[in-house]
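Undergrad: Give the three-dimensional model of this entry:
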Amino acid sequence: MLRWFVLGVTLLAAARSTRADDDLDIPGLDGDLRGDALVWEDATFYLEPWEGGLAVRLSPYGRARAEMVGNAVPVHITSTAMKQFVEIELAARSDCTWRRWAPDRRIEALRLFVHRDDLAPVLVKPFTAAYSDGTRIKLATGVPVMPTPSGQYVVGARGDRFRAAIPHSSVGYTYTAGRVSEPELPQGKIYRLDRGAAATLNGEPLAVRAQWLAPEPTRNGEHALVHWAARCIDLIVDAPNGALRVTERPRPPPAPAAPPALRPTGYYIPAGAPLATEAGRDVAVAAIAIPVSAPSGDTVCFDSTLAINKDEELPYSYPGQLARTVKLCTPSHLVEKDP
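TA: A predicted model of the protein is given here:
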């Protein structure tokens, strides 16, 4: 597992070089930040808040963040007492992003840290705009965005990207998370746009890769106004009439299986025991009994996985899960044995 940490440090240096083009000024990053926030999926997550401390980088990709806007995960900032790092808790929700945490349910109260510049810009106020060509955009608070040199912002939805002239005062780094619900499928016939068709929003092209579904469009000769809805995002786009097709109603995804109960057999770390890194820094607490090998030293360790999953709405080309493993330990005298 050491090679993953070495690899992560190497990739981190490359990633910071790649991000140079992304560094446009959004005020407030150096201030006292508290509350709900978003972290880029390619951020480095530290369990020990110093350079060279135990850390994992889940995404190995070096793409510019403007190309992966929307690929962020919700967190809750608990402290910004340090200049370089912010302390975060993982949020058990998706919010308006297209990635979600896959928590290790054996542990709780996990303390992590990220660099300040790994916080993603986010819409802190709702945004709505209607355009003269009949297209429209509505964005909810919590949508991740990315500034561009033109002054507009890139927005990501289901893997597709488009630009909008969002007021700078509506963008920041913390927001108030609200209830986020999935849009309902339209009634009656459902239409889809051919993959790669040239849709536009306010006259600007919108590359279509996702399988957007829409109700009966409003047709006008060779063009049609198509209503698309996704989590936190509502659009009316202009699309070629000839590229629209009636499609079958999708089947609902199966309900996720409940995680298996882990009954202790042999030796186990009891629920409530403190968990630390191998260097001895407390970072979490055992949520349930965790089976381990027989103690043979001062501490007993096990592998814990930190992972984020792809949202079901993202195209198949996006990796399903990004994950790394870290060792967490507890003092041997706390380990119990199943009778």
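Undergrad: and the residue found closest to G297 once you drop the neighbours it is linked to in the chain, what are its phi and psi?
TA: Leaving aside its sequence neighbours, G297 sits nearest to S332 (Cβ to Cβ, 6 or more residues apart in numbering; 6.6 Å). Yep, even glycine has a C-beta here, placed from its N, CA and C like the rest. Backbone torsions of S332, given as degrees, to the nearest 10, read phi -60, psi -30.
Undergrad: is it true that S332 touches V300?
TA: Yes: assessed by Cβ atoms under 8 Å, S332 is found in contact with V300 at 5.4 Å.
Undergrad: if you count what's nearby, which of the two comes out ahead?
TA: Taking neighbours as other Cβ atoms under 10 Å, S332 and V300 compare with V300 leading, 23 against 15.
Undergrad: residue contacts, that one?
TA: Contact analysis of V300 by Cβ atoms under 8 Å, 6 or more residues apart in numbering lists Y267, I269, V292, S293, C329, T330, P331, S332, V335.
Undergrad: just curious, which of those is nearest to R116?
TA: C329 (29.0 Å; Cβ to Cβ).
Undergrad: Heading C-terminal from the helix or strand encompassing the closest one, find the next helix or strand.
TA: Using DSSP states H and E, the element containing C329 is strand 321-331. Sequence-wise, the next helix or strand downstream of strand 321-331 (DSSP H and E) is strand 336-337.
Undergrad: what residues does that following strand touch?
TA: Residues contacting strand 336-337 (Cβ under 8 Å, 6+ apart): P264, G266, Y267, Y268, I269, P270.
Undergrad: Any figure for the gap between the residue nearest to G297 and A229?
TA: 54 Å (Cβ to Cβ, to the nearest Å).
Undergrad: Also I166?
TA: 19 Å.
Undergrad: got it, and V86?
TA: On the measure of Cβ to Cβ, V86 and A229 end up 33 Å apart.
Undergrad: neighbour count winner among those two?
TA: Shown here are V86 and A229; by other Cβ under 10 Å, V86 has more neighbours (25 against 20).
Undergrad: follow-up on the earlier one: going by neighbour count, which of the contacts of strand 336-337 comes out on top?
TA: I269 (27 neighbours).
Undergrad: tell me the pLDDT at the residue nearest to G297?
TA: As predicted, S332 sits at a pLDDT of 96.
Undergrad: next one: T305
TA: pLDDT, read off for T305, is 93.
Undergrad: Name the SS class of S169, please.
TA: helix (DSSP: H, G, I helix; E, B strand; the rest coil).
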